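Trainee: After the sequence you'll find the predicted model.
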Protein chains: 2
Amino acid sequence: MALIVQKFGGSSVRDAERIQSVAKLATDRFDLGDRVVVVVSAMGKTTDRLVQMAHEITPDPPAREFDMLLASGEQVSIALLAMAIQARGYQAISFTGPQVGIETDRSHGRARIVHINDTRIRAALGEGKIAIVAGFQGATADQEITTLGRGGSDTTGVALAAALRADRCDIYTDVDGVYTADPRDVPDARRLDAITYEEMLELASRGVKVLHRRSVELAVNYNIPVRVLSSFEPGPGTLVVKGYEGMENAIVSGVTANRTESKITIIGVPDRPGIAAAIFSALGEAEVSVDMIVQNTGLEGRTDISFTVDHEEHARGRAIAERLVGEIGALDVQSQEGIAKLSVVGIGMKSHSGVAAKMFAALAREGISIDMISTSEISISCLIALDSAERALRAVHAEFGLAAPATAAVKTAQGGLS
Amino acid sequence: MALIVQKFGGSSVRDAERIQSVAKLATDRFDLGDRVVVVVSAMGKTTDRLVQMAHEITPDPPAREFDMLLASGEQVSIALLAMAIQARGYQAISFTGPQVGIETDRSHGRARIVHINDTRIRAALGEGKIAIVAGFQGATADQEITTLGRGGSDTTGVALAAALRADRCDIYTDVDGVYTADPRDVPDARRLDAITYEEMLELASRGVKVLHRRSVELAVNYNIPVRVLSSFEPGPGTLVVKGYEGMENAIVSGVTANRTESKITIIGVPDRPGIAAAIFSALGEAEVSVDMIVQNTGLEGRTDISFTVDHEEHARGRAIAERLVGEIGALDVQSQEGIAKLSVVGIGMKSHSGVAAKMFAALAREGISIDMISTSEISISCLIALDSAERALRAVHAEFGLAAPATAAVKTAQGGLS
């Protein structure tokens, strides 16, 4: 008998029919003899609608009241899901974040979970009930309602799995797993059966929206196996774990392209200690998020420092860079929009020195110039022209032999691991 | 400096514009130097929409989850109202029923308030804030969310006023006060400046929907002055109190007609002790609500017992009466649909023996037959034909001189008591 936390996003519960489907997934799991905790988000576009209502009242809603407003959304979906499960002849009980003891700090709109009191959930499970918990919300020690911000419901799911020492957290989404590349770009991209936490973190950082980075970090810390699978189609999904069989053989797990980056270069930066710190603390204070940072060894006491930002922050980032030129005695600023960042991610990469060469060779054969390169322990990223992103993805995907093996379709048809 | 509880129903907060108006009413009151607690219902048709969503899931939603669902409605309106008040430059804080310590029993869907812990509201008021409280909801001692059922938000308002020893509870509605008769029936009906609790209770029992009976009972018990006034038009409304100036002169305060009654008569009931109890306990067990009961002194050891029920319960009530005929040895059952109950209500009635005669004379002049009569300390009710109800209302209203005096318009224009 396992304890499984199932998490369903807004699109999985967007209407009565979908809620009935989720009820079936929960009771099917219960019928296997497992104890089941279900975490749900607000229905479909509910949160968007509530945000719009707030903005009809005031352009700048106070954070405490905004959380009070948004938290009503999940309260609707947990109640309806509990009704649907009971209507199937099973016992179920719903809990709001405050009720279930998801205690957070006081940072309204982006609260961090500080403690989970699992007493009520354990009692419900002990009585043979399916426990349904509102995602995305919690309460401070003095019962102020808070929300967890972006990726909040995934975070609730993994955090509950950790608190309950669950066997697994199943995250149900619109897609049926994590792929070697985005199938919209690379038609022969293949669903991965398993992936490590580290690879998933790299992919999340590279714009793969399947799992929010924050929930993966929690999963690593508490070593909770997470499975990403589809709410709509049966299938085994992708298991995100510490390690998996055959891991040593997988050099590269996936290829991604982030198409929303802009590059800013500060030219002729004096090569003095503390200069890089000055640049990035100025950007940090202005809350400009920086992605890649590249600095080459300089000549004649000067160097160029390049960094990338989301294209929406390009103008602000460039303005700060221009101000810094005078302050730090640099020479000039150049920036470029319309670029893409191509990354290969794989836990096996570190011990395979040929990965970089193989990636660069594939790009060279396609005649694609590389503008900037940076590496981490398990990834290599290159900046390239935006309009070559799709060709680059396909070439690198093929180069590493990531396309679906003949057996993959059979594997999927065999259904999920249980 | 007074402490005023203001209560606004769903139509008063049905959209952003209305919420802004409510925010103005609250801050205008605050500007007078008073401390203000605002109780709000769910927005407009929200509750209806939530009920419909539940019924799309299951025909018979479990009560606990139904309360969980419905309570989300007020959570939206309190948050938006707090935002609107803050946007006007005032301090405000919203509280759900569970947060504010409205403790109820465990009867989901029709919970009774057992205790109010006023600590958080008093603290907020002490900090110069306007406190906004979700109507209609509370929580059990172990934090299970409950709703109060019909008239719930009025009840929250008056109960909070009692707990806080407020100076008054202002109930804002669609109408600008309590009238001598329904203005749709009697065009010259007049708004009453004041009315006693007892009169208001009689009117509420007679289908006047302005204030729910339950909230008036609470107001009597804790001697809380309640004012009924319009959310949309300024005006003094009607004050509901223990006694008022000029009370001795008011023989009759109002005339009402309830058009949804049916009459059932059990003919030839044996005149033995305990027979009436047997009849009405059978009806009570079947949850058929009985309104008027009339029994005349019988002849030859038998009597007829008549009672009225809501026309929706006519068939069930008649079936029970037919079953009782055999059980108690009565002779027959007769019943009649499509009748109206005409009532005059007035605290001064008891000491004015001519009221009944005056009422009956007015009806006689119109050629309206009286089918049944019953009286209470402060009311007289007659059953009459449904199609004569409007004529009867006008005739009796005129007979007691209830039409607007020439000064009434001036009084209204002078604006509200503060």
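Mentor: That came through, no problem.
Trainee: can you give me the strands for the stretch 301-418 of chain A?
Mentor: A:302-310, A:332-345, A:372-376, A:379-385 (DSSP state E, counting those that start in this stretch).
Trainee: List the buried residues of the second one.
Mentor: Buried residues in strand A:332-345, defined by neighbour count with 16 or more other C-beta atoms under 10 Å in any protein chain shown: A:333, A:335-336, A:339-345. Glycine gets a C-beta too; all of them are placed from N, C-alpha and C.
Trainee: elements contacting it?
Mentor: Judged by 3 or more C-beta pairs under 8 Å, 6 or more residues apart in numbering or on different chains; DSSP states H and E, the packing partners of strand A:332-345 are helix A:197-205, strand A:254-270, helix A:314-328, helix A:354-365, strand A:379-385, helix A:389-399.
Trainee: For the shortest one, which outside residues touch it?
Mentor: Among residues not part of strand A:379-385, those counted as contacts by C-beta atoms under 8 Å, 6 or more residues apart in numbering or on different chains are A:202, A:206, A:261, A:263, A:292, A:308, A:338-346, A:349, A:355-356, A:359-360, A:363, A:368-375, A:392.
Trainee: just the first one next, same as before
Mentor: Taking contacts as C-beta under 8 Å, 6+ apart, the residues outside helix A:197-205 that touch it are A:178, A:195, A:210-213, A:216-217, A:219-220, A:226, A:240-242, A:253-254, A:256, A:343, A:345-347, A:376-379.
Trainee: can you rerun that using 6 Å?
Mentor: Here helix A:197-205 makes contact (C-beta atoms under 6 Å, 6 or more residues apart in numbering or on different chains) with A:211, A:213, A:216, A:220, A:240, A:253-254, A:345, A:347, A:378-379.
Trainee: in whichever helix or strand comes after it, what counts as buried?
Mentor: Sequence order places helix A:213-222 as the next helix or strand after helix A:197-205, per DSSP states H and E. Neighbour-count burial for helix A:213-222, counted by 16+ other C-beta under 10 Å, picks out A:213-220.
Trainee: got these as CSV, with distance to chain B and pLDDT columns?
Mentor: Below are the buried residues of helix A:213-222 laid out as CSV (distance: C-beta to the nearest C-beta, whole Å; pLDDT from 0 to 100):
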residue, distance to chain B, pLDDT
A:213, 29, 83
A:214, 25, 87
A:215, 25, 91
A:216, 30, 90
A:217, 30, 88
A:218, 26, 91
A:219, 29, 93
A:220, 33, 91
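Trainee: centre of the chain versus stretch A:167-185, how much separation?
Mentor: Centroid separation for stretch A:167-185 versus its chain: 11 Å, with C-alpha atoms, centre = their mean, to the nearest Å.
Trainee: end-to-end on that stretch?
Mentor: End-to-end distance for stretch A:167-185, by C-alpha to C-alpha, to the nearest Å: 35 Å.
Trainee: How about residues contacting that stretch?
Mentor: Residues contacting stretch A:167-185 (C-beta under 6 Å, 6+ apart): A:2-8, A:11-12, A:157-158, A:161, A:189-192, A:195, A:210, A:224-228, A:230-231, A:233, A:235, A:237-238, A:254-255, A:390, A:393, A:397, A:402.
Trainee: pretty sure residue A:135 is touching residue A:155, no?
Mentor: No - with contact defined as C-beta atoms under 6 Å, residue A:135 does not count as touching residue A:155 (8.1 Å).
Trainee: what sits against residue A:94?
Mentor: By C-beta under 6 Å, 6+ apart, residue A:94 lies in contact with A:78-79, A:82, A:132, B:65, B:68.
Trainee: redo that, cut-off 8 Å
Mentor: The contact partners of residue A:94, by C-beta under 8 Å, 6+ apart, come to A:78-79, A:81-82, A:132-134, B:65, B:68.
Trainee: Got the domain ranges for chain A?
Mentor: The record's domain split for chain A, according to automatic domain parsing, is A:3-244, A:255-399.
Trainee: mind checking which of the helices and strands packed on strand A:332-345 is nearest residue A:46?
Mentor: Minimum separation from residue A:46 across the helices and strands packed on strand A:332-345 (C-beta to C-beta) falls at helix A:197-205, 24.8 Å.
Trainee: Run the chain-centre distance for the closest one.
Mentor: The chain centre lies 8 Å from the centre of helix A:197-205; the measure is C-alpha atoms, centre = their mean.
Trainee: which residues of the stretch 251-400 of chain A score low on pLDDT?
Mentor: Residue ranges of the stretch 251-400 of chain A with pLDDT under 70: A:297-299, A:350-353.
Trainee: quick one on the thing from earlier: could you redo the contacts of residue A:94 as a markdown table and give each row distance to residue A:288 and secondary structure?
Mentor: As requested, the contacts of residue A:94 are exported to a markdown table (distance: C-beta to C-beta, whole Å; DSSP: H, G, I helix; E, B strand; the rest coil):
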| residue | distance to residue A:288 | secondary structure |
| --- | --- | --- |
| A:78 | 38 | helix |
| A:79 | 41 | helix |
| A:81 | 40 | helix |
| A:82 | 44 | helix |
| A:132 | 40 | strand |
| A:133 | 36 | strand |
| A:134 | 34 | strand |
| B:65 | 46 | helix |
| B:68 | 42 | helix |
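Trainee: Show me which pair in these is furthest apart.
Mentor: Using C-beta to C-beta, those span at most 13.6 Å, a distance reached by A:133 and B:65.
Trainee: and residue A:153, helix, strand or coil?
Mentor: helix (DSSP: H, G, I helix; E, B strand; the rest coil).
Trainee: Please tell me how far the nearest residue to it once chain neighbours are set aside sits from residue A:52.
Mentor: Of all residues not flanking residue A:153 in the chain, residue A:135 sits nearest, at 3.0 Å (C-beta to C-beta, 6 or more residues apart in numbering or on different chains). Distance, residue A:135 to residue A:52, using C-beta to C-beta, to the nearest Å: 21 Å.
Trainee: which residue ranges form the strands in the stretch 101-250 of chain A?
Mentor: Assigned strands in the stretch 101-250 of chain A, in chain order: A:102-104, A:113-116, A:130-134, A:137-139, A:145-147, A:168-173, A:194-196, A:226-230, A:238-241 (criterion: DSSP E, counting those that start in this stretch).
Trainee: Which one of residue A:135 and residue A:52 is surrounded by more residues?
Mentor: Neighbour count, other C-beta atoms under 10 Å in any protein chain shown: between residue A:135 and residue A:52, residue A:135 has more, with 28 against 11.
Trainee: what about stretch A:300-318, distance to the chain center?
Mentor: Average the C-alpha atoms of stretch A:300-318, do the same for its chain, and the two points are 25 Å apart (C-alpha atoms, centre = their mean).
Trainee: Verify the contact between residue A:386 and residue A:336 for me.
Mentor: No - with contact defined as C-beta atoms under 8 Å, residue A:386 does not reach residue A:336; the gap is 10.0 Å.
Trainee: Farthest from the middle of chain A: give me that residue.
Mentor: residue A:300 (42.5 Å; C-alpha atoms, centre = their mean).
Trainee: Which strands and helices lie in contact with the host helix or strand of residue A:30?
Mentor: Taking DSSP H and E as the definition, one finds residue A:30 inside helix A:16-31. Under the contact definition 3+ C-beta pairs under 8 Å, 6+ apart, helix A:16-31 sits against strand A:3-8, strand A:35-40, helix A:63-87, strand A:130-134, helix B:46-57.
Trainee: how about the second one, does it get close to chain B?
Mentor: No - using C-beta under 8 Å from any C-beta of the partner chain as the criterion, no contacts between strand A:35-40 and chain B are found, and the smallest distance is 12.5 Å.
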